[in-house]
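> quick one, fold the following:
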Amino acid sequence: MVIYESGLIIKGCSAVVIHKRMKAAYGDACLTEGKVRKWARFYRGEDPKETTVRDRKRPGRPYSATDTMHQQKVDEMIVANRRVKQKDIANALDISKERVHHIITLHLGYRKVSARRVPRQLTVEMKAQRKTICTQLLERFTHDGERFLWSIITGDESWVHHYDPESKNQSMQYRHKNSPAPKKFKVVASARKVLLTIFWDIEGIVHIEFLEQGTTINSERYVSTLRALKGRLRRVRQDNVKDGVIQHDNARPHTSRQTQCVLQQLELPTIPHPPHTPDLAPSDFFLFPLLKKHLKENHYETDAEVKANIRCWCRSQTPEFFADGMRKPVQRWRLCIERDGNYVEK
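Numbering: from 1, shown residues only. Predicted structure coming up:
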């Protein structure tokens, strides 16, 4: 900038310096500092009326890190290695890790998930069997509607420990940024446990029993359970005795010849259930996880305490709770069919 002051040319001076020099030369007759700033902006080619404190638009650095070419390269690297790290992608493409995360999540729609443990690797025949059975059940539901779900009596067995440590998610807590990190020591479930057998339907619990100490679940023991279940149905489900169908898994005591004969004698038909399929059994993916979550981190001295707490929890659940659990398999049947018989995730 060039300003004439007392016959002298001042180059590159700020408005403040110019005002000081003019003040020294002209005294009280000098322009105010605000006027000097205004004329300084004018001589720089700026209109005082359009003066703003915000940055003006300028070309800047070309924004090319998230263009189509980089998106395609990131996608190719992920497809080639599903476990590739974002920093490796950033180094390979010479872009920032923040841009890589932006491309992966917003443009490509990927999310990183951990593998879920499943009972076993399904063969082609197992997948076909799962898909066929789910198709049959879904067709029956489409034909009969809610009446089909009301007829299902599902049941299974599960071990319940006297002490089961809380999960990692249950131990989460709010902390300040500068608070010391909480520690959780490794604890295993107690060796003392009880085997629970439970049957339930859309209305609630039908039958509960516990395995006696020193006995095992075999065909004879399961037949005894079925006879007790039939008697219980006559007392608490009088309208559903004739229309009820049993849903249980393919454990040996459930599929033995002796069990099948007794099921026919008791007039308890069953619905098909593919092997190695806990993801389609309401007890496995719905009832037992919630029950055990309630029991975690509690210490029980005797089997009687465990049994009492289980019965108390079952009685505290509302009819809507069981109705919701019995309706969930319908969506899982659909997902299993869509995935050609593969396991259904949570």
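> and His143, how many residues sit next to it?
9 (other CB atoms under 10 Å). No exception for glycine: its C-beta is placed from N, CA and C like everyone else's.
> check what pLDDT the closest residue to Ile104 other than its chain neighbours gets.
Nearest residue to Ile104, sequence neighbours excluded (CB to CB, 6 or more residues apart in numbering): Tyr110, at 4.9 Å. Note for Tyr110: predicted pLDDT of 90.
> can you check my assumption that Tyr110 lies in a helix?
No. Checked against DSSP: H, G, I helix; E, B strand; the rest coil, Tyr110 lies outside a helix; its state is coil.
> ok, it touching Val79?
No. When contacts are counted by CB atoms under 8 Å, Tyr110 is not listed as touching Val79 (10.1 Å).
> neighbour-wise, which of the two wins?
Neighbour tally, Tyr110 and Val79, criterion other CB under 10 Å: the higher count belongs to Tyr110, 14 against 9.
> how close does the more buried one sit to Ile103?
9 Å (CB to CB, to the nearest Å).
> same thing with Lys23?
As judged by CB to CB, Lys23 and Ile103 stand 57 Å apart.
> got the domain ranges for the protein?
2-50, 68-107, 124-169+187-338 (automatic domain parsing).
> all helices for the stretch 151-300 of the chain, in order.
In the stretch 151-300 of the chain, the segments counted as helices under DSSP state H, counting those that start in this stretch are 219-236, 252-255, 257-265, 282, 288-295.
> export only the CA atoms of the first one, formatted as CSV.
I take that to be helix 219-236. Taking Å, rounded to 0.1, in the frame of the first residue of the first chain, the C-alpha atoms of helix 219-236 are listed here in CSV:
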residue,chain,number,x,y,z
SER,A,219,-34.8,-90.7,26.9
GLU,A,220,-36.4,-92.1,30.1
ARG,A,221,-35.9,-88.8,31.9
TYR,A,222,-37.3,-86.7,29.0
VAL,A,223,-40.3,-89.0,28.7
SER,A,224,-41.1,-88.4,32.3
THR,A,225,-40.9,-84.6,31.6
LEU,A,226,-43.3,-85.0,28.6
ARG,A,227,-45.8,-86.8,30.8
ALA,A,228,-45.6,-84.1,33.4
LEU,A,229,-46.0,-81.5,30.6
LYS,A,230,-49.1,-83.2,29.3
GLY,A,231,-50.7,-83.1,32.8
ARG,A,232,-49.7,-79.5,33.2
LEU,A,233,-51.3,-78.6,29.9
ARG,A,234,-54.6,-80.2,31.0
ARG,A,235,-54.6,-77.9,34.1
VAL,A,236,-53.4,-74.6,32.7
